[in-house]
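J.: Return atomic coordinates for the entry below.
(one chain, ligands or ions: 4)
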Amino acid sequence: MATVVPGAVGLLDEKNTIRVTPTVSRDYQYRRAAVCFSFGRTYVVTRIICVVALAAAATSASAQSFNVDVGAPGTEPSADYAAAGLPGKWNTIMATHVTPFMTGPHPQAEHLFDLAGDPTNVVVHQFGGMDLNQKNDGLTAGDDAALMDDYRATHSTSLETCLYINGLAPGRYEVTTYAWMPVDNQMVSKVRFDFQSYIPLVGGAAWPGHHVEGVTFTRHIVTVTSGGSMTFIGMHVGVPSGGNTTLGAPLNGFQLRLLPEDAPADMDCDGFVNGRDIEGFVSALLDEEAYRSANPTCNIYHADMNNNGSVGMEDVAAFVSAVLAG
Ligand SMILES: [Ca+2]
Ligand SMILES: [Ca+2]
Ligand SMILES: [Ca+2]
Ligand SMILES: [Ca+2]
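T.: Numbers count the residues shown, from 1 in each chain. Ligands and ions are numbered 1, 2, ... in the order given. Below is the predicted model of the structure:
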């Protein structure tokens, strides 16, 4: 029986011969396989050697995850605040409108620190959103207020707040975008990303006491490539058609998380597909937030067995087959 090696380096069959999985990128295959192959010219490797490769990869993932508060300097939440994502160092950026318009790295872009607080080459700049506002919402407090009570706003249905993030390692990122208007909670905003058709609305309700998808934030999965047109993330927050341009649409902040490599059915991201993944699959199907809080660094889309972008009943049969075959 084949064994799934932690970190999706590849598959070890009964002869302990590595077979790199077809789902990982060419670049990823090369880097990971090189670690394994360097220990045996005959391509015969041990599981222990590949687990070492996993540890190295986990480090690079956290170095490509970021928490960002949009607001005045010094108003960021504390590092133990997770919001709807992972805890870690919060950057504060003004997200000031800069010209000329460009999607690539801008001379006036701001550098980001990763979750561990280490400096990185990842930079962000903004075009379109004109006002940096702060309102004291009566229901937010503490770190929630630090993130949500200040925001960059646009007041036009035709000019969005456009944030461009450059310098990211290639991969798939989960982007959690906070777009909730303090005080004037009736405001609804739209959130979209370049190269994506999914444009959810967010807002329209008072602070719920904690983060709620569709009220305080949206989630998108965005792919970054090493070449071509998708080398950056382009985020856009705007006033929907018929919306209130006087109040405007807010961008309170965002979180970026580099997702683990594709590993279908591995719901706890331990590198194995087995009975321990059943509980995670069930919660991914029935209660997304419960799944996320139990598996904060994993990838809920490991349950999306038919790869249609959502987790549903259509994924059950394939998941059961994967566990039985595991
Ligand atoms: Ca703030
Ligand atoms: Ca903010
Ligand atoms: Ca597992
Ligand atoms: Ca699916």
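
J.: could you list every residue that touches the residue positioned nearest the centre of the chain?
T.: Nearest to the geometric centre of the chain sits residue 174, at 1.8 Å (CA atoms, centre = their mean). Contacts of residue 174 were listed using CB atoms under 8 Å, 6 or more residues apart in numbering, and they are 85, 219-221, 255-257, 259, 299. For the C-beta atoms, the positions are set from N, CA and C on the backbone; glycine is no exception.

J.: Closest to residue 239 out of those?
T.: residue 220 (18.8 Å; CB to CB).

J.: coming back round to it: from the contacts of residue 174, list just the buried residues.
T.: 85, 219-221, 255-257, 259, 299 (16 or more other CB atoms under 10 Å).

J.: Out of these, the closest to residue 249 would be?
T.: The shortest approach to residue 249 among these belongs to residue 220, at 16.2 Å (CB to CB).

J.: Am I right that that closest one sits in a strand?
T.: Yes: counting by DSSP: H, G, I helix; E, B strand; the rest coil, residue 220 is found in a strand.

J.: Look up the pLDDT of it for me, please.
T.: The per-residue pLDDT reported for residue 220 equals 93.

J.: before we move on, back to that, so who does the closest residue to the residue nearest to the centre of the chain other than its chain neighbours touch?
T.: Closest residue to residue 174 apart from its sequence neighbours, by CB to CB, 6 or more residues apart in numbering: residue 257 at 4.6 Å. By CB under 8 Å, 6+ apart, the contact set of residue 257 is 65, 85-86, 173-174, 176, 297.

J.: Please apply the same query to residue 130.
T.: Here residue 130 is in contact with 97, 153-155 (CB under 8 Å, 6+ apart).

J.: gap between it and residue 108?
T.: Distance of residue 130 to residue 108, computed by CB to CB, to the nearest Å: 16 Å.

J.: just residue 204 next, same as before
T.: 34 Å.

J.: These two: which has the busier surroundings?
T.: Using other CB atoms under 10 Å as the criterion, residue 204 and residue 108 rank with residue 204 on top: 14 against 11.

J.: wait, doesn't the more buried one sit right on residue 186?
T.: Yes: with contacts defined as CB atoms under 8 Å, residue 204 counts as touching residue 186 at a distance of 6.2 Å.

J.: Doesn't residue 279 lie inside a strand?
T.: No: looking at residue 279 with three-state DSSP, it is helix, so not inside a strand.

J.: What does the pLDDT read for it?
T.: At residue 279, pLDDT is 96.

J.: And the one 3 residues further on, by the same measure?
T.: Confidence per residue is given as pLDDT, and for residue 282 that number is 96.

J.: and the strand or helix carrying it, how far from the chain's centre?
T.: Using DSSP states H and E, residue 282 maps to helix 278-286. Here helix 278-286 shows a centroid-to-chain-centroid distance of 20 Å under the convention CA atoms, centre = their mean, to the nearest Å.

J.: when you scan that helix, is anything in it near ligand 3?
T.: No: Helix 278-286 lies apart from ligand 3 when judged by CB under 5 Å from the ion; the minimum separation is 7.6 Å.

J.: residues in contact with that helix?
T.: 265, 267-268, 290-291, 294-295, 298, 300, 303, 311-313, 315-316, 319, 323.

J.: contacts with ligand 1 among those, please.
T.: Within the contacts of helix 278-286, nothing lies near ligand 1 by CB under 5 Å from the ion.
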